[in-house]
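K.L.:
okay, here's the prediction I keep looking at, along with the sequence it came from:
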There are 2 protein chains.
Amino acid sequence: MEEPPAFLADPETTRESIMRATYLALCEYGYTGLTVQRIGEEFKKSKSLLYHHYDDKDELLLAFLQFMLEEYKSTVSTPESDGPAERLNAVLDTMLAPSLSEHYQEFTAAMVELRAQAAHDERYREQFAEHDRLFHDQLSSIIQTGIESDIFRAVDPDRAATLLLTTVVGTMTRRVTGDDDAAAVRAETEAYIDGILRSEE
Amino acid sequence: MEEPPAFLADPETTRESIMRATYLALCEYGYTGLTVQRIGEEFKKSKSLLYHHYDDKDELLLAFLQFMLEEYKSTVSTPESDGPAERLNAVLDTMLAPSLSEHYQEFTAAMVELRAQAAHDERYREQFAEHDRLFHDQLSSIIQTGIESDIFRAVDPDRAATLLLTTVVGTMTRRVTGDDDAAAVRAETEAYIDGILRSEE
């Protein structure tokens, strides 16, 4: 397995160490196979510290999702020097990459399992709805900037962002629960952007 | 809760009775809360018959997915008298309906939970990949017919069908695990169909 993302590679606080252990155990065992015990095996400090902070695996995973959301918020700013079309491309190239490394494939599988908990657990639903809104607002803001600078037509940025967000969620889900044809999705999304969003030159 | 779909309302064979019981229990309890015992409570015939056929809930649910696939195959033919644009609209109006009845909301939640099992269970993945391929081929065939009759442009029907399928999977997932904004997805999908698929009149 590859190294975890940079923000988890070098944990500075106990909370970050716990989040790193949760991340690694989640990639290795998925939601179903995960136990607090197994998270403890990835945790270099005292295991009693872990048990002291979190009662069960769902409490730990909900804290993990909250942590990931904060990390995402702090890294979400793409360089303003790039134009809106380039920024939109960069986001979609990442989210709709034609294939994933083994590591991110495992992480995606775990996130799809976590997300399905939201079907019967309101606490998970709140977390994923907040993740979605953040990503939606990032896309919508890029499109709005593009409209203001005449790169994009006067589309409804909220609606366009909703379609792109839904496409990303569908791609993540299908990658690990069906066929992975993200390359076709990416190509047709490009056709949508060129034909619907882009201003006529 | 509303009545189950017609094909399950009046079971004629033992297999259909078991599938009906599975369907009802799945809607009521979701994947996580489901047990063979609870399926048995919805089953009017001898419970030992149920235990005789299926060892555990996953075996029963995999048989249920296979059954649903066969049912879908037998009902998938939309009237050929409708044109391809109308047929595509009809499929998307159903799959991207602005809201779901309580009954279908519960069924969708259960299916999203079932689908997430595919992240770690190859048997579920095969089932959902087959479901997706069937739906993809239905969409692709409608688009191909539209191209042949000059209703649609000479797009790549496989790619367009893949994007629409992914949008539907993303919408189903987000409906029950995040915000439900299917109406915005439907409207923007219409913009995609009008601007990318539709021939200029």
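P.N.:
Cool, got the structure.
K.L.:
can you pull the pLDDT of the residue of chain A found nearest chain B?
P.N.:
Chain A approaches chain B most closely through A:Gly170 (2.9 Å), counting by C-beta to the nearest C-beta. Yep, even glycine has a C-beta here, placed from its N, CA and C like the rest. pLDDT recorded at A:Gly170 is 98.
K.L.:
A:Tyr72 too?
P.N.:
Model confidence at A:Tyr72 (pLDDT) stands at 84.
K.L.:
in space, not sequence, find me the middle residue of chain A.
P.N.:
Nearest to the mean C-alpha position of chain A, counting by C-alpha atoms, centre = their mean, stands A:His131 at 7.5 Å.
K.L.:
anything in the biggest helix by length in chain A near chain B?
P.N.:
Ranked by residue count, the top helix of chain A under DSSP state H comes out as helix A:122-148. Yes. Judged by C-beta under 8 Å from any C-beta of the partner chain, helix A:122-148 comes into contact with chain B through A:124-125, A:128-129, A:131-133.
K.L.:
how about stretch A:46-65?
P.N.:
No. Stretch A:46-65 lies out of reach of chain B by C-beta under 8 Å from any C-beta, never closer than 11.5 Å.
K.L.:
quick one: mean pLDDT for the one helix or strand A:Glu16 maps to?
P.N.:
Using DSSP states H and E, the element containing A:Glu16 is helix A:14-33. Over the span of helix A:14-33, the pLDDT mean works out to 91.
K.L.:
buried residues, that helix. List them.
P.N.:
Using 16 or more other C-beta atoms under 10 Å in any protein chain shown as the test for burial, helix A:14-33 gives A:17-27, A:29-31.
K.L.:
show me what counts as buried in the longest helix of chain A.
P.N.:
Neighbour-count burial for helix A:122-148 [16+ other C-beta under 10 Å]: A:124-125, A:127-129, A:131-132, A:135-140, A:142-147.
K.L.:
A:Thr94 sits in which helix or strand?
P.N.:
Element membership for A:Thr94, per DSSP H and E: helix A:84-95.
K.L.:
buried ones in that helix, by neighbour count?
P.N.:
For helix A:84-95, by 16+ other C-beta under 10 Å, it's A:84-85, A:87-88, A:91-92, A:95.
K.L.:
can you check stretch A:54-65 too?
P.N.:
A:54, A:57-58, A:60-65.
K.L.:
over to stretch A:104-122?
P.N.:
So, applying 16+ other C-beta under 10 Å, buried residues of stretch A:104-122: A:104, A:106-120.
K.L.:
do you know how far the residue nearest to A:Met111 when sequence neighbours are not counted is from A:Glu16?
P.N.:
Computed as C-beta to C-beta, 6 or more residues apart in numbering or on different chains, the closest residue to A:Met111 that is not its neighbour in sequence is A:Met172, at 7.0 Å. According to C-beta to C-beta, to the nearest Å, A:Met172 and A:Glu16 sit 25 Å apart.
K.L.:
and what of A:Leu139?
P.N.:
28 Å.
K.L.:
tilt between whichever helix or strand comes after the helix holding A:Thr94 and helix A:122-148?
P.N.:
For helix A:84-95, the following helix or strand on the C-terminal side (DSSP H and E) is helix A:102-117. Put simply, helix A:102-117 runs at 110 degrees to helix A:122-148, going by axes from the mean of the first three to the mean of the last three C-alpha atoms, to 10 degrees.
K.L.:
tell me which other helices or strands helix A:102-117 touches.
P.N.:
Helix A:102-117 sits against helix A:14-33, helix A:57-75, helix A:122-148, helix A:157-177, helix B:102-117, helix B:157-177, with contacts defined as 3 or more C-beta pairs under 8 Å, 6 or more residues apart in numbering or on different chains; DSSP states H and E.
K.L.:
mind redoing it with 10 Å?
P.N.:
helix A:14-33, helix A:57-75, helix A:122-148, helix A:157-177, helix B:14-33, helix B:102-117, helix B:157-177 (3 or more C-beta pairs under 10 Å, 6 or more residues apart in numbering or on different chains; DSSP states H and E).
K.L.:
B:Glu71: which of these is closest?
P.N.:
Closest to B:Glu71 of the helices and strands packed on helix A:102-117, according to C-beta to C-beta: helix B:14-33, at 8.7 Å.
K.L.:
can you pull the buried residues of the next helix or strand after the closest one?
P.N.:
Next along the chain after helix B:14-33, taking DSSP H and E as the criterion, comes helix B:36-41. Residues B:36, B:38-40 are the ones in helix B:36-41 that count as buried (16+ other C-beta under 10 Å).
K.L.:
CSV for the helices and strands packed on helix A:102-117, including distance to A:Ser46?
P.N.:
Below are the helices and strands packed on helix A:102-117 laid out as CSV (distance: least, C-beta to C-beta, whole Å):
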stretch, distance to A:Ser46
helix A:14-33, 10
helix A:57-75, 16
helix A:122-148, 27
helix A:157-177, 34
helix B:14-33, 32
helix B:102-117, 33
helix B:157-177, 35
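K.L.:
one step back: quick one: work out the angle between the longest helix of chain A and helix A:84-95.
P.N.:
150 degrees.
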